[in-house]
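In: Predicted model and sequence below, questions to follow.
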Amino acid sequence: MPWKQRPPSMAVAASGGVGGAARLRQDDVVVNMERQPPAVGYVVSVEETTASSEDTVHVCYPFCGVTIPSPSSKLKLIDRPISHGMYVQRCKRGRGLVDGIGVFVDVKLLGENACMSFDASKIRPIRDFYAGAVVTCGPWVGVVTDAQETLAVHFSCGIKLWIPPNLAEFIVPNDRFHVPGETIVIMSKALPHCIWVEGIPARRAQDIRSGIKCTIDHIAVNEVGVRWITSAIPGSPRPPTMFSGDNLKQLYSLHSFYASSLRVGERALLAATADGTPLPQPLLYLDSSNARGVEIVRTRTSASLLYQSGQRDDSISSLELRELNYEGEHEFWPGDPVMRVDAVDDVRGIVQEVYAHNRTCKVHWFPAGYLRNQLPSSGASAAAASAGKTEEVSVYELACDASLALKVADYVIWAAPPSAARSVYQLAGEVMHVSLDGTARVHWADHTETCAPLGCFRVIDVVAENDGPQSAEFSISDGTGSTGYGGGEPAPRRKKNFLCRAFQSLINANLASAYSNSRLIMSDDPPANHRFIDRMVSHCPTALARCLKAEMRAFEELPKDITVYGYMNRTDLFRAVIYGQPDSLYEGAAFVFDIHLPPNYPQEPPRFLYVPIISSKLNPSLHAEDGKVCISLLNTVDNPALCSWSKSCNITQVLVAIQAMVLTNNPQYDTHGSCCPDDERMFNEEVLLAVLQSMTVCLRSPPPLGMEAQIAKYVRVAAANVLDRVENALENKPVKVEYPLLPFAQGCMPVLRSRVATLRALLAATSPSSS
């Protein structure tokens, strides 16, 4: 799959900045100074070690045909690929959004001993149709699943033949696209199955076997398979999944941003013939007259940045940029479509500027229906755009309207009613530019462009569609079609996991000591919304009894602010709650986890899923979307070298590790390493607002977790300290906190006051004395 089709690779370490101190990441272009002459390659993978040791970097050298591990100190970073829509930090200049990419390439002309340097916009893919390419056919958009081509070759003895697609594995090399004029080797055992050209001498087989090297004359695309995703016109007939012959001319490839996906060693075509004539679209027949192949020797990537202040910088080297590790739900950028959190109408706005330090945005509000192109005429739309108002709004009072959000390089379809004047090849394209007036410019499959309000387009998530459904390993669906806790039918009750009598008596015998400190609470059956209730596995009773005996002994050492719930009829399941510690950033919040013991536990770690009480992100290591808990002790971190589970570990150690290393006073720093104080303070503001929201939910409408009363009791006890601390800080009174928080940003203070007042009123209404 081309680099553009892959998700942007995150930095493999928390080290900030670039240059010699930067840690390498996948796809970085490097030079190995130990090799003579110095060899250029790209990073395949990085074996990360501790901060004080050197990483081992596996580098592919395409011109040598090898992948070699090297210490990071022997490699020099010379280019770093970036993608459109990436959030970056440019040294001390500020945060920027990549909305334009320029690539300058050094290339070698294939078949010639010559090199050239030019702008990568002058080259195009060596094939329009390859596995993973996005294509259109009328109003339909799809992804190429397979493409087959036939090679016409000749030998030095003058014999010519066709090599059909099914013999591609017998060609050397067979790991790349070929071009006319290239010399290849065909294995002799494949020759009887080739298509021989008429007029070949009788002794042709013996003549060819004497020299199996051959030269490609031309290449013809025979057949293309496509998996169709969606159509811009509902109800339109679905195109065929296989195209061949003249039907191939109905397919158009979307590759406007191909240049930003280039990397060292890849092959491409010059976009025009030698006399300057543009190559046709699609290009189905390649010969020496129209296919001038090149091989990428080196890339130099630069970016156009849109800063949160609304200013722009062009031609910034990618080596000056550091990808931002975290973007909160209240981070906005110029051009983002927003609405008020409590909006009940269709009034939407476009962010014009972001004042990051104050946590406010300047928003231009448009009349209802404008951004969705629901006004009767273009004149009315222009009048509505100029009649809107502009105001400064707290970021905590805004939410992004995902249905209108577009970024450069997004694949889109026309979502407004199509007119008779619009061609069917003007219904699918790529976003070229997003303006602050609420419009976007889109490049269509027929190479025309349209500028229209954001609501006229709908984004197609081609990568997600192509990668298939998300793994169920971290799914938090409760079987009702939502990620909530109420509504719908309860999960089906499964057959009880009956245990032998000796096993049951062993568990009962170990309960007495666990009950002594009330850290373990037992019941018969798990709740119907337990995330692992449908995961019925066979355990060895003796082995599971031995594990549970050790676990229950360890439960006696649990801190007082951690409680575990067990189930007599499902001894492989637990539910745990960790309460925020006093005077910490998370005081007042309760964190619930569902736990499952796999069959070979403790050889492999237990399965943990975070069960969010609210959808807001409380911690970077706890994913509210899929429930994933990212800590090294569970072997769920990205770097395998940091995984630390062993069979001597237990559930208690995992819970204590989450409390000590995840629910810290500075989660942004502890998760991502170095970050500036403003980032830490801003993230902690968001956490504090989310904690107050979580406390309100736990008192007003707690989710059915089987521990609602215990959580509500904890919230009432913690509320006094939390509210007093926040109110004192809002009134500029001395407050002792052990985490970066003060001073509050201008946009945060009114939202904090509102949530404090709501929580105080709720506490008064639900206190035992009032009832």
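Out: Nice, I can see it. Residues are numbered from 1 along each chain as shown.
In: all helices in this structure, in order from the N-terminus.
Out: 204-209, 378-387, 462-467, 501-515, 541-555, 651-657, 667-672, 677-700, 708-730, 749-766 (DSSP state H).
In: mean pLDDT lowest for which of those?
Out: Comparing mean pLDDT across the helices of the chain, the lowest value falls on helix 501-515: a mean of 46.
In: List the buried residues in stretch 147-163.
Out: Buried positions in stretch 147-163, judged by neighbour count with 16 or more other Cβ atoms under 10 Å: Ala147, Gln148, Glu149, Thr150, Leu151, Ala152, Val153, Phe155, Ile159, Lys160, Leu161, Ile163. In this view, the C-beta of every residue, glycine as well, is placed from N, C-alpha and C.
In: residue contacts, Ser315?
Out: Gly102, Ser302, Ser304 (Cβ atoms under 8 Å, 6 or more residues apart in numbering).
In: same deal with Gln89?
Out: Per Cβ under 8 Å, 6+ apart, neighbours of Gln89: Gly16, Arg95, Gly96, Leu321, Arg322, Glu323, Leu324.
In: how does it look with 6 Å?
Out: Arg95, Arg322, Leu324 (Cβ atoms under 6 Å, 6 or more residues apart in numbering).
In: Quick check: bridge partners of the first one?
Out: When bridges are called by DSSP bridges, Arg95 pairs up with Gln89.
In: Next, count neighbours for it.
Out: When neighbours are defined as other Cβ atoms under 10 Å, Arg95 has 20 of them.
In: Of the buried residues of stretch 147-163, just say which sits nearest to Phe608.
Out: The closest of these to Phe608 turns out to be Ala147 (Cβ to Cβ; 42.9 Å).
In: how close does Ser523 get to Leu597?
Out: Counting by Cβ to Cβ, to the nearest Å, the gap from Ser523 to Leu597 is 17 Å.
In: which of those two has more neighbours?
Out: Leu597 (23 against 13).
In: number of nearby residues for the residue nearest to that one when sequence neighbours are not counted?
Out: The shortest distance from Leu597 to any non-neighbouring residue, by Cβ to Cβ, 6 or more residues apart in numbering, is to Asp572 (4.5 Å). By the criterion of other Cβ under 10 Å, Asp572 has 24 neighbours.
In: And Asp572, how close does it get to Pro599?
Out: Applying Cβ to Cβ to Asp572 and Pro599 gives a distance of 9 Å.
In: same check, this time on Leu544
Out: Leu544 is 9 Å from Pro599, by Cβ to Cβ.
In: Looking at those two now, which is surrounded by more residues?
Out: Leu544 (20 against 13).
In: distance of the more buried one from Glu551?
Out: In terms of Cβ to Cβ, Leu544 sits 10 Å off from Glu551.
In: can you check Arg238 too?
Out: 54 Å.
In: Sort out which residues of stretch 424-435 are buried, please.
Out: Val424, Tyr425, Gln426, Leu427, Ala428, Gly429, Glu430, Val431, Met432, His433, Val434.
In: what does stretch 73-82 give?
Out: Leu75, Leu77, Asp79, Arg80, Pro81, Ile82.
In: Over to stretch 711-721?
Out: Quick answer for stretch 711-721 (16+ other Cβ under 10 Å): Ile711, Ala712, Tyr714, Val715, Arg716, Ala718, Ala719.
In: Pull the residues that contact that stretch.
Out: Contacts of stretch 711-721 (Cβ under 6 Å, 6+ apart): Tyr579, Glu587, Gly588, Ala590, Met695, Cys698, Leu699, Leu763.
In: just checking, the second one touches Gly580?
Out: Pointing back at Glu587 there. Yes. With contact defined as Cβ atoms under 6 Å, Glu587 reaches Gly580; the gap is 4.5 Å.
In: more crowded one of these two?
Out: Gly580 (24 against 20).
In: Now do the same contact list for that one.
Out: By Cβ under 6 Å, 6+ apart, the contact list for Gly580 reads Tyr586, Glu587, Gly588, Ala589.
In: Just give the nearest non-adjacent residue to it, would you?
Out: Nearest non-adjacent residue to Gly580 (Cβ to Cβ, 6+ apart): Tyr586, at 3.4 Å.
In: Check that neighbour and give its pLDDT.
Out: Value for Tyr586, per-residue pLDDT: 87.
In: okay, now it: neighbour count?
Out: Tyr586: 27 neighbours (other Cβ under 10 Å).
In: State the distance from it to Val715.
Out: From Tyr586 to Val715 the distance is 12 Å (Cβ to Cβ).
In: before we move on, what about Lys108?
Out: Lys108 is 67 Å from Val715, by Cβ to Cβ.
In: likewise Leu642?
Out: Counting by Cβ to Cβ - Leu642 and Val715 are separated by 34 Å.
In: which residues does Ser231 contact?
Out: By Cβ under 6 Å, 6+ apart, the contact list for Ser231 reads Pro139, Trp140.
In: Number the chain from 19, please
Out: In the new numbering, first residue 19, that becomes Ser249.
In: quick one: it from Ile431, how far?
Out: 8 Å.
In: Val381 now?
Out: Relative to Ile431, and taking Cβ to Cβ, Val381 is found at 28 Å.
In: Those two: which has the busier surroundings?
Out: Using other Cβ under 10 Å, the more surrounded residue of Val381 and Ile431 is Val381, with 27 against 22.
In: was I right about the more buried one contacting Glu410?
Out: No. Contact status for Val381 versus Glu410: not in contact, 7.7 Å apart, counting by Cβ under 6 Å.
In: what mean pLDDT does stretch 92-101 have?
Out: 90.
In: got the end-to-end distance for it?
Out: 27 Å (Cα to Cα, to the nearest Å).
In: quick one: that stretch to chain centroid distance?
Out: Remark: stretch 92-101 is offset 21 Å from the chain centroid, using Cα atoms, centre = their mean, to the nearest Å.
In: who touches that stretch?
Out: Counting by Cβ under 6 Å, 6+ apart, 26, 45-50, 52, 75, 116, 317-319, 321, 336-337 sit against stretch 92-101.
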